[in-house]
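Chemist: Build me a model:
(chains A and B, ligands or ions: 2)
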Amino acid sequence: MSDNNRPGLDFDFHGKALDNIFETYAEIRDKCPVGHSERYGGFWFISKNNDIFAAEQDPERYSVAPSMLLPSFGTDIPMIPIDIDPPKHWEYRKILLPLFTPQAIRKIENGIRMTSRELAIKVLESLRHGPTDASSMFARPVPTIVFSRIAGFPEQDWPKFDKWVYDIIYARVEYPERAKNAAQAVMDYFNDLLMARRSAEPREDVIQKLLEARLDGNPLSQDELISYCYLLFVAGLDTTVWAIRSSLWYLGQNLEDQRRLREDPELIYMAVEEFLRTLSPVQAMARTCLADTVIQGQKISAGERVVLVFGSGNRDPDAYDHPEKIQIDREDNKHLAFGAGIHRCLGSNLARAELVISLKEFLNIVPEFTLAEPSEQWHGIGKLTIRMN
Amino acid sequence: MKVSVDEKRCQGHARCIAFAAQVFHIDDEGFSHEREGFETVTPELEKYVKKAFANCPENAILISD
Ligand code: HEM
Ligand code: SF4
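Modeler: Ligands and ions are numbered 1, 2, ... in the order given. A predicted model of the protein is given here:
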């Protein structure tokens, strides 16, 4: 694999590259399941389901330093807990685990339902006047409002969050300066918020848990608190927005499945897993390999960056029957959308609840819809223009 | 059929309780355990436990005959 046509040489998993990424995945899985790309300073990519899984289970070999994000999210400060290795990782992670168990999430389901319902009604009203952007009116506000509520971020600030998230996550590839500025604005915002909360009445939310946490008897420093809040902000908002939007994108083009989910809303639980498998917001995450390693005959040297391509593993024919087909009632659906191992998405129970409930409410209130702009892509958090059929 | 959760592998994805909440329960940190008295799976629960087994992303559910 030394000729210049080496497949995967410019493999990328951001922006425009996502337009036809599934074909790219099929090609690399076939020709170079472990390959090297020259983007972002150079990285190895791992594209097979079982190799990704094995790497996820081996945090001693695959470090998350300097960051799981490639390129970085507008900051060079390690983000807690995603950029932290054992043993410190567990100390940070366990602080918030109790707030994200299924039983904890059940308590906020009603709030998710109410918010989804209110927003879906607005979508319906707008649809009566013509094509409507279901992304800005539904997919974007639902997670942003719900998350602000449990995190303890002022709910009415959601439009501000929405703008910051966009700059940090989507503008970063082309306009790193914009991402840096937005990141700074978010950190300043959390700095002020945390200061204000120190002297306020205790409440039951994420910020309170972080303020009360003790590691070896000491509270988290202001920098640690800001880092944790910042990570939750970038991990919890756009991901869920994307997942809701991509589910609607699929349903707007597949009316038979749309009808099936309306007739049998219980099926939404399974459909959501299938949308996560095939259209997931987190297509890949990075690691740094700490020891010389051979995978699929390729040597990776200690110190090199490695990208685990979840989106490819999720469509690996060695792991799924008809992997490219979106089957909303797929029974065996062990996927990598939330990662695996010690960094398993802390918010997966919340994200699943938001997806199931928001889609249920949307389908309940909005009658049959189709895509008005078929050129709008499956990925990202941009516009999704729909119209009533 | 016997079932147990490998506590070293479980990372709290909670897929098991989506399929077989009668057999598994999730503790306060989000990790799963087989419920007491359900280590031996009754025939009518077998199909749910098998689904949990097939959908656990960490391969943390152990079943044996
Ligand atoms: C559909 C929505 C979401 C998807 C697809 C997603 C996906 C992921 C993935 C792939 C990882 C990395 C796992 C790994 O490398 O093994 C991760 C980590 C994380 N996610 Fe999510 N996520 C979503 C929503 C959320 C939400 C709503 C929150 C809010 C709390 C959240 C918080 C986190 C945190 C804190 C981590 C780091 C965990 C650690 O390092 O221990 N995510 N997520
Ligand atoms: S699905 Fe697997 S990893 Fe998740 S809680 Fe159940 S046993 Fe644990």
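
Chemist: for chain A, what's the longest helix?
Modeler: Longest helix in chain A, counting residues (DSSP state H): helix A:176-198.

Chemist: Need the residues that contact the helix or strand containing residue A:55.
Modeler: Using DSSP states H and E, the element containing residue A:55 is helix A:49-56. Residues from elsewhere that reach helix A:49-56, judged by CB atoms under 8 Å, 6 or more residues apart in numbering or on different chains: A:33-34, A:46, A:61-62, A:287, A:295-296, A:306, A:308-310, A:313-314, A:316, A:318-319, A:336, A:339-341, A:343. In this view, the C-beta of every residue, glycine as well, is placed from N, C-alpha and C.

Chemist: ok, back up a step: just the buried positions in the longest helix of chain A, please.
Modeler: A:178-183, A:185-187, A:189-190, A:193-194, A:197 (16 or more other CB atoms under 10 Å in any protein chain shown).

Chemist: residues in contact with it?
Modeler: A:71, A:73-75, A:152-154, A:160, A:163-164, A:167-169, A:171-172, A:207-208, A:211, A:222, A:225-226, A:229-230, A:233.

Chemist: repeat that with 6 Å
Modeler: With CB atoms under 6 Å, 6 or more residues apart in numbering or on different chains as the test, helix A:176-198 has contacts from A:74-75, A:164, A:167-168, A:171-172, A:207, A:225-226, A:229.

Chemist: One more: stretch A:205-220?
Modeler: Residues contacting stretch A:205-220 (CB under 6 Å, 6+ apart): A:91, A:95, A:150-152, A:197, A:202, A:225, A:228.

Chemist: how about it as CSV, C-alpha atoms only?
Modeler: Listed next in CSV are the C-alpha coordinates belonging to stretch A:205-220 (Å, rounded to 0.1, in the frame of the first residue of the first chain):
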residue,chain,number,x,y,z
ASP,A,205,-29.2,19.6,38.7
VAL,A,206,-25.9,18.9,37.1
ILE,A,207,-24.2,22.1,38.2
GLN,A,208,-25.2,21.4,41.8
LYS,A,209,-23.7,17.9,41.6
LEU,A,210,-20.5,19.3,40.2
LEU,A,211,-20.3,22.0,42.8
GLU,A,212,-20.8,19.5,45.6
ALA,A,213,-18.5,16.8,44.3
ARG,A,214,-15.3,16.0,46.2
LEU,A,215,-12.2,14.3,44.9
ASP,A,216,-10.0,13.1,47.7
GLY,A,217,-11.8,15.6,49.9
ASN,A,218,-11.3,18.6,47.6
PRO,A,219,-13.9,20.3,45.4
LEU,A,220,-13.3,20.6,41.7
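
Chemist: So is it next to ligand 1?
Modeler: No - Stretch A:205-220 does not reach ligand 1 (CB under 6 Å from any ligand atom); its nearest approach is 7.9 Å.

Chemist: quick one: that stretch to chain centroid distance?
Modeler: Centre-to-centre, stretch A:205-220 and its host chain are 25 Å apart (CA atoms, centre = their mean, to the nearest Å).

Chemist: Output the set of residues of chain B in proximity to chain A.
Modeler: Residues of chain B lying close to chain A by CB under 6 Å from any CB of the partner chain are B:11, B:14, B:26, B:28-30, B:54-55, B:57-58.

Chemist: As JSON lines, the residues you listed with pLDDT, neighbour count and secondary structure would be great.
Modeler: JSON lines is the format used below for these (pLDDT from 0 to 100; neighbours: other CB atoms under 10 Å in any protein chain shown; DSSP: H, G, I helix; E, B strand; the rest coil):
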{"residue": "B:11", "pLDDT": "97", "neighbour count": "23", "secondary structure": "coil"}
{"residue": "B:14", "pLDDT": "97", "neighbour count": "23", "secondary structure": "coil"}
{"residue": "B:26", "pLDDT": "97", "neighbour count": "19", "secondary structure": "strand"}
{"residue": "B:28", "pLDDT": "96", "neighbour count": "10", "secondary structure": "coil"}
{"residue": "B:29", "pLDDT": "97", "neighbour count": "13", "secondary structure": "coil"}
{"residue": "B:30", "pLDDT": "97", "neighbour count": "25", "secondary structure": "coil"}
{"residue": "B:54", "pLDDT": "96", "neighbour count": "14", "secondary structure": "helix"}
{"residue": "B:55", "pLDDT": "97", "neighbour count": "20", "secondary structure": "helix"}
{"residue": "B:57", "pLDDT": "97", "neighbour count": "22", "secondary structure": "coil"}
{"residue": "B:58", "pLDDT": "97", "neighbour count": "22", "secondary structure": "coil"}
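
Chemist: Let me know the closest of the residues you listed to ligand 1.
Modeler: Comparing these against ligand 1 with CB to the nearest ligand atom places residue B:11 closest, at 8.9 Å.
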